[in-house]
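> Everything below, folded, please.
(chains A, B, C and D)
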Protein chains: 2
Amino acid sequence: MVVRARLTTAKVVDAALELVDEQGVEGLTLAAVAARTGVATPSLYKHVASLAELRGHVGVRLLEEMTGRFTDAVLGRSGDEAVEALMHAYRAYVRQHPKRYAAMPMDPLHDELQQAAGTKLIEVMLATLRGYGLEGSQAIHATRQLRVIVHGFASIESSGGFGLPEGLDDTYDQLIRMYLTDLRGQS
Amino acid sequence: MVVRARLTTAKVVDAALELVDEQGVEGLTLAAVAARTGVATPSLYKHVASLAELRGHVGVRLLEEMTGRFTDAVLGRSGDEAVEALMHAYRAYVRQHPKRYAAMPMDPLHDELQQAAGTKLIEVMLATLRGYGLEGSQAIHATRQLRVIVHGFASIESSGGFGLPEGLDDTYDQLIRMYLTDLRGQS
DNA sequence: CGAAGGGGGCTAATGCCATTAGCTTTTGGG
DNA sequence: CCCAAAAGCTAATGGCATTAGCCCCCTTCG
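Numbers count the residues shown, from 1 in each chain, chains lettered A, B, ... in the order given. Got it, this is the predicted structure:
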């Protein structure tokens, strides 16, 4: 008698992430997850409410993973050094999982399931900028601008949007310098 | 006797764009396009090779439309004024068609069908930066950075990724100023 | 004027996928 | 040991893309 799969929601999400890494977001299908976890498709509904909810869980995972990476990168640093480390860590994560980035939720704060994880990610960014002594709305603008640069670059790079990959490191370094210079001018 | 639909590829793409505007990219389905154009689903294959190809055509449309808008915005201007006009036009387009922006191809240069339209769009940006006298790779970096900012902001804004819409105009203005300052420092 | 042929539309059929309903088996706690 | 809930399964439905094969109108050429 075969041992039961002993599936859990976490394991379903694990399989989903593998699929995304291998085949992109379009490859994330309940049928494929079921095949990979050795279970019939309808059985997945015992662990996940729907494909949409599974996508939501995947989003939470990504947010948590990125938050962890960025926290590690920023720990023990401050000021320009911390910002630089954060921006490099962001790009590094996306380069490591290019397909995965397309599944990153862009509006986690408007989703019940993802709100907590999304808030934490934003907080890491805000905390990293804390040392610049930005007041009120300036801190918000600075955080948004950081997101714009970091996400804009990652989004284009991960989808192969830059013609040739040549000199991309330089392009990114210059963006970092641009942002830091701007930040310095405000504090 | 009912008049034939007299469908053309262009009309199919028109209907596709309407659907995207109304229901987002996920709403773009051959069945829905068929219903809207008053035709049976398989008939669409006389004008379009597949759903994937239709998406490609939609992408071309978007690229062409944006190129037109940006060209208009930049005409008769130069330097900072031109860059500013371009960036405002970019954001204005995306605000006008938020759902549509999710269908914008991010790597048009790697697609046979979209390559020409994508090249033209990039060329408008390059031409707008021409007055700064950037040399060789610096022109490429500057163009990439412009894309990063403009796409990063548009992408996040159009998907509701900024918590509150409050002060978004300021955030964008500051990004424009950041970019122009950086550009000035290089020329 | 008339006939051929191709463009453009249609129906039927296939296969994949998500989702639901209802049944069965396992398993862990009492 | 027992039994109820948890976790699987099969069968069925409905949406969608895609393919095959048919038919009719319109244009063009003889």
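
> longest helix anywhere in chain A?
helix A:51-74 (DSSP state H).

> what's it packed up against?
helix A:9-23, helix A:30-37, helix A:79-96, helix A:115-128 (3 or more Cβ pairs under 8 Å, 6 or more residues apart in numbering or on different chains; DSSP states H and E). C-beta here means a position set from N, CA and C on the backbone, and glycine is covered the same way.

> what's the closest of the ones you listed to DNA strand D?
helix A:30-37 (7.2 Å; Cβ to the nearest atom of the strand).

> So what touches the closest one?
Outside helix A:30-37, the residues that touch it by Cβ atoms under 8 Å, 6 or more residues apart in numbering or on different chains are A:5, A:7, A:11-12, A:15-16, A:18-19, A:23, A:40-41, A:43-44, A:51, A:54.

> what sits against the closest residue to residue A:125 other than its chain neighbours?
Of all residues not flanking residue A:125 in the chain, residue A:143 sits nearest, at 5.3 Å (Cβ to Cβ, 6 or more residues apart in numbering or on different chains). By Cβ under 8 Å, 6+ apart, the residues touching residue A:143 are A:122, A:125-126, A:129.

> go on, residue A:160?
Residue A:160 neighbours (Cβ under 8 Å, 6+ apart): B:106-107, B:110.

> Check residue A:178 too.
For residue A:178, the contact set (Cβ under 8 Å, 6+ apart) comprises A:149, B:145, B:178-179, B:182.

> and of those residues, the nearest to residue A:163?
residue B:145 (14.3 Å; Cβ to Cβ).

> which non-adjacent residue is nearest that closest one?
Sequence neighbours aside, residue A:175 is the residue nearest to residue B:145 in space, at 5.7 Å (criterion: Cβ to Cβ, 6+ apart).

> Could you list the buried residues of stretch A:153-171?
For stretch A:153-171, a neighbour-count test (16 or more other Cβ atoms under 10 Å in any protein chain shown) marks A:153-159, A:161-162, A:168, A:171 as buried.

> In JSON lines: these, plus distance to residue B:118, pLDDT and secondary structure.
Below are the buried residues of stretch A:153-171 laid out as JSON lines (distance: Cβ to Cβ, whole Å; pLDDT from 0 to 100; DSSP: H, G, I helix; E, B strand; the rest coil):
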{"residue": "A:153", "distance to residue B:118": "18", "pLDDT": "98", "secondary structure": "helix"}
{"residue": "A:154", "distance to residue B:118": "20", "pLDDT": "98", "secondary structure": "helix"}
{"residue": "A:155", "distance to residue B:118": "16", "pLDDT": "98", "secondary structure": "helix"}
{"residue": "A:156", "distance to residue B:118": "12", "pLDDT": "98", "secondary structure": "helix"}
{"residue": "A:157", "distance to residue B:118": "16", "pLDDT": "98", "secondary structure": "helix"}
{"residue": "A:158", "distance to residue B:118": "17", "pLDDT": "97", "secondary structure": "helix"}
{"residue": "A:159", "distance to residue B:118": "13", "pLDDT": "96", "secondary structure": "coil"}
{"residue": "A:161", "distance to residue B:118": "9", "pLDDT": "96", "secondary structure": "coil"}
{"residue": "A:162", "distance to residue B:118": "12", "pLDDT": "96", "secondary structure": "coil"}
{"residue": "A:168", "distance to residue B:118": "18", "pLDDT": "98", "secondary structure": "helix"}
{"residue": "A:171", "distance to residue B:118": "18", "pLDDT": "98", "secondary structure": "helix"}
